[in-house]
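> Can you look at this prediction? I've put the sequence above it.
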Amino acid sequence: MKVSRKINQISRRDMFRVAGQYGLSSTLLAAGGLGGTLSLAGLANAAESTYKKRFTKKAKHTLKFGASGFNQRNLLIERAGALFFAQDLEERTDGEIRIEFIGDNQLCGQLSCVKKTQQGITDIYAASTQNSAGGAPYLNVLDYAFVFPGRASQYHFLYSPESQKILREPLEKRHGLKFLFSHCELRGLQLGLKWQDKPTVNKLETLFGTKNRVTGTQLGRIAMQLLNLNPVPIAWEETLDGLKQGLIDGAETWASAVAYANMSPVVSQSIDLRFFCGTEHTSMSAKVFDRLSPELQDAVMESAYTAQVHVQAANEAALVKTVGFSEPQLPNTLFVKHNVRPSFLPDSEIRMAEEMCSPEFQPKPWEQWRRRLNKWAGGLDTYKELHRVAREVPADMLPENVEPRRWWKSAG
């Protein structure tokens, strides 16, 4: 696994020296647990302690976790929960399950991690559902425009037992993936440096005719076309250069993705359009899950639930205190450091966008994909059911106030 040039005050050479003694997964898990400024001695002690805990007894299962571009540093910016889940599962199973965590795009990237898990190269992966939709098209079900009013409705859906029939069961049946947990944000437009000297966008029409990067989601592309945002498919790894050089006006993604991927220096405005999901999820091979004993299967689900609760609280805090996606912004955040201006569009502008592109108001462009997703879900009207569940909580509910539930156990 590649690591950044320095982990706070620890050089890359020292990091590998510690990893050479205690293993890279133990070293990264230790570093992720410490946080803050690390010393070499502190990391070595933590890595030794972590190693001893992890290797007290022989593991029954060693699972390979392909975590796209994530590492212990950027998982403190976008709190997607991947390392937290790995550590919790190892501790919960008393070492019977051991996780080999491979991030930093060494084993797989945003577009390929899903395929590597489907092929059996990895057992677990973390990437956005939108980038993963190329290999698992049913993940498009989350990307109907404006089906989720806010982040609270996203968390509420993931905790809901109805997420089983709408999302999890069709995904497992069709693509062999067990959806475990996800971070929740809503996508907006991240405008590049050519917008740094322009006024902060507060009208939707200002964005009409701009050229913007789109992910692998087919449904997201429909929304962008209806909003006259000229979607251009560009690999995530190439997006930074596109924004820097002005080849595109912006990229559709979410605030913490900009921050964790070190895109803040080339983004000038973060427009909170909220037009479809930004969900950095973790899924597991259903075949691998089915091979586990019932006790270990229960442990996986409990760790997934615990990770979901952790992500819900931690990412909401990080958005304000680490990323700087708030109004007013807190000092010393990444967005303040790099002069990224958040723009929270008025409700009237969001409503205009919804009426321009959502299936509720513009059903025809969505018909083909809606029929396809409904068929894959066994005849369920996926948009109607998602829309209903997403509105079981108030649109202005604080995301951190959503009640956690064990979705696979809760009564409907």
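Cool, got the structure. Quick caveat: nothing in here was measured; it's all calculated off a predicted structure.
> what pLDDT, on average, does the strand or helix carrying A41 get?
Element membership for A41 (DSSP states H and E) is helix 40-54. For helix 40-54, mean pLDDT rounds to 65.
> for stretch 97-117, same thing?
Averaging pLDDT along stretch 97-117 gives 95.
> and what of stretch 263-275?
Regarding stretch 263-275, the rounded mean pLDDT is 97.
> What is the end-to-end distance of it?
End-to-end distance for stretch 263-275, by Cα to Cα, to the nearest Å: 21 Å.
> And for stretch 315-322?
End-to-end distance for stretch 315-322: 9 Å, by Cα to Cα.
> Now do it: everything it contacts.
Outside stretch 315-322, the residues within contact range by Cβ atoms under 8 Å, 6 or more residues apart in numbering are 76-80, 151, 183-185, 255-256, 259, 325-326, 330, 333-334, 398-400. For every residue, glycine as well, the C-beta is placed using N, CA and C.
> ditto for stretch 201-213
Defining contact as Cβ under 8 Å, 6+ apart, one finds that stretch 201-213 is touched by 189, 191, 195, 224, 227-234, 239, 242, 248-253, 269, 271, 273, 343, 345-346, 349, 352-353.
> Same check on stretch 59-70?
Contacts for stretch 59-70 (Cβ under 8 Å, 6+ apart): 80, 82-83, 86, 95-105, 107-110, 113, 116-117, 121-127, 236, 260-261, 288, 291-292, 296.
> Now the element after the helix holding A41, going C-ward?
Sequence order places strand 61-66 as the next helix or strand after helix 40-54, per DSSP H and E.
> chain center to the helix or strand just after that following strand: distance?
Going down the chain from strand 61-66, the next helix or strand is helix 82-92, by DSSP H and E. Counting by Cα atoms, centre = their mean, to the nearest Å, helix 82-92 is centred 17 Å from the centre of its parent chain.
> on contacts alone, who are the packing partners of helix 82-92?
Helices and strands touching helix 82-92, by 3 or more Cβ pairs under 8 Å, 6 or more residues apart in numbering; DSSP states H and E, are helix 24-34, helix 40-54, strand 97-102, helix 294-318.
> Same question for the longest one: list its buried residues.
If I follow you right, that is helix 294-318. By neighbour count on 16 or more other Cβ atoms under 10 Å, the buried set for helix 294-318 is 296, 299-301, 303-312, 314-316, 318.
> what separates Y260 from K198, distance-wise?
From Y260 over to K198 the distance is 26 Å, taken as Cβ to Cβ, to the nearest Å.
> quick one: which of the two has more around it?
Each of Y260 and K198 has its neighbours counted (other Cβ atoms under 10 Å); Y260 has more, 25 against 11.
> ok, now which ones touch that one?
When contacts are counted by Cβ under 8 Å, 6+ apart, Y260 is found next to 70, 74-75, 77-78.
> And N74, by the same measure?
Applying Cβ under 8 Å, 6+ apart to N74 gives the contacts 260-261.
> Same question for the one 4 residues further on.
Shown here is E78, whose contacts under the criterion Cβ under 8 Å, 6+ apart are 183, 256-257, 259-260, 280, 315, 318.
> how close does it get to R391?
Here E78 is placed at a distance of 27 Å from R391 (Cβ to Cβ).
> Also R213?
Noted for R213: a distance of 30 Å to R391, by Cβ to Cβ.
> Next: W195.
Taking Cβ to Cβ, one finds W195 at 34 Å from R391.
> And those two? Which one has more around it.
Shown here are W195 and R391; by other Cβ under 10 Å, W195 has more neighbours (23 against 14).
> got the contact list for the closest residue to that one other than its chain neighbours?
Excluding the flanking residues, the one nearest W195 by Cβ to Cβ, 6 or more residues apart in numbering is S268, at 4.7 Å. Applying Cβ under 8 Å, 6+ apart to S268 gives the contacts 191-196, 339-341.
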